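S.K.: Need coordinates for the below:
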Amino acid sequence: MQAISTDKAPPAGGHYSQAIVSNGFVFVAGQLPIKPGGGRDIPEGIEAQTRQALENLKAILEAAGSGMDKLVSVNVFVTDVAHWPAVNGVYAEMLGDHKPARAISISPQLHFGALVEIQATAEAG
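M.R.: So this is what the prediction gives:
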């Protein structure tokens, strides 16, 4: 197993790694829409938060030698199902024709007041 860490995504905020590479896969921890840099700067609005969470995911995948085109499974957590159309729109824009398996879960409360969190598994480089 190899732990992945990049300063192009928010640092792990607890006892976990940003991602682990194991057995040909990259397992990325849930990414909140926190801007890189060590603070807890979260953009306003569900579209901006979704984009930031996906940018964090992308940075971690790239640090692991993988990429968004190698995603095999994505779990999206939102605080309200009413956010889903906006989340899905940004997600489709950023992933293009690539359509990994995906699940959505409603989580009434996410850390730091975030509206979305995204966790994923991808093929390693």
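
S.K.: all contacts plus neighbour counts: C-alpha atoms, from now on.
M.R.: Fine.

S.K.: can you tell me which residues contact Tyr78?
M.R.: No, residue 78 isn't Tyr; it's Val. Val78 makes contact with 84, 104-108, 115-117, according to C-alpha atoms under 8 Å, 6 or more residues apart in numbering.

S.K.: what's the lowest-pLDDT member of those?
M.R.: Looking at the contacts of Val78 by pLDDT, the weakest one is Pro108, with 92.

S.K.: can you map out the strands along the protein?
M.R.: Secondary structure of the chain (DSSP state E): strands located at 2-4, 19-22, 25-31, 71-78, 101-106, 116-123.

S.K.: With distance to Gln49 added, can I get those strands in CSV?
M.R.: As requested, these are exported to CSV (distance: least, C-alpha to C-alpha, whole Å):
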stretch, distance to Gln49
strand 2-4, 23
strand 19-22, 20
strand 25-31, 10
strand 71-78, 11
strand 101-106, 16
strand 116-123, 7
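
S.K.: Excluding chain neighbours, what is closest to Trp84?
M.R.: Val78 (7.5 Å; C-alpha to C-alpha, 6 or more residues apart in numbering).

S.K.: any idea how far Leu54 is from the one you found?
M.R.: Distance, Val78 to Leu54, by C-alpha to C-alpha, to the nearest Å: 14 Å.

S.K.: Please apply the same query to Phe112.
M.R.: Distance of Phe112 to Leu54, computed by C-alpha to C-alpha: 17 Å.
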